[in-house]
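>>> what follows is a predicted protein model with its sequence.
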Amino acid sequence: MAQTASKGAEGEAKRPEDDLAADIEQLKADIAELTEQLKLMRQHSYGAARHAASEGLEQLRAQGEAAYESLKANADDIERQLTDTVREKPITSLAIAAGIGFLFALISRR
């Protein structure tokens with residue numbers, strides 16, 4: 001009977017070791033699966049971030065082009081108004097230009 005008890009004890013002693021080994025193998029499999037899922041998520045996140053950045057860049061480019069066109073139109077309007085004013089009042093424009101030149105000369109001497 002002592003032998004039966006020792007065999008039973010050995011059987012019970014191996015069971016937790018077997019369970020532990022099985023748990024370790026399951027953990028390894030779970031970790032490998034999680035690693036793969038993280039890789040997929042990283043790739044997906046990278047792709048989504050790249051797509052969002054690309055869309056943002058396109059929007060900024062479009063806004064920049066619109067701002068450039070607006071500034072260009074404003075500059076053209078100002079140039080047209082200045083040209084019209086000079087053609088309508090050439091003597092007044094010449095006097096104003098001479099006065100501004102005189103002021104710049106005074107400022108640059110100091």
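Yes, it's here.
>>> so what secondary structure elements neighbour the helix or strand containing Ala53?
Taking DSSP states H and E as the definition, Ala53 sits inside helix 2-88. Applying 3 or more CB pairs under 8 Å, 6 or more residues apart in numbering; DSSP states H and E, one finds that helix 2-88 contacts no other helix or strand. For every residue, glycine as well, the C-beta is placed using N, CA and C.
>>> which residues touch the helix or strand just after it?
Counting by DSSP H and E, the next helix or strand C-terminal to helix 2-88 is helix 90-109. If you take CB atoms under 8 Å, 6 or more residues apart in numbering as the criterion, helix 90-109 is touched by 85-86.
>>> ok so, going back, what's the angle between the helix holding Ala53 and helix 90-109?
Direction vectors for helix 2-88 and helix 90-109, defined by axes from the mean of the first three to the mean of the last three CA atoms, to 10 degrees, enclose an angle of 120 degrees.
>>> got any ranges where this protein has weak pLDDT?
1-14 (pLDDT under 70).
>>> rerun that using 80 as the cut-off
For the chain, residues meeting the criterion pLDDT under 80 lie at 1-16, 110.
>>> nearest residue to the middle of it?
Centroid check for the chain by CA atoms, centre = their mean gives Ala53 as the closest residue, at 4.9 Å.
>>> count the neighbours of Ser93 for me.
14 (other CB atoms under 10 Å).
>>> please report the distance of Thr85 from Leu103.
Per CB to CB, to the nearest Å, Thr85 is found 20 Å from Leu103.
>>> how about Glu65?
When distance is defined by CB to CB, Glu65 is 38 Å away from Leu103.
>>> now Arg15
102 Å.
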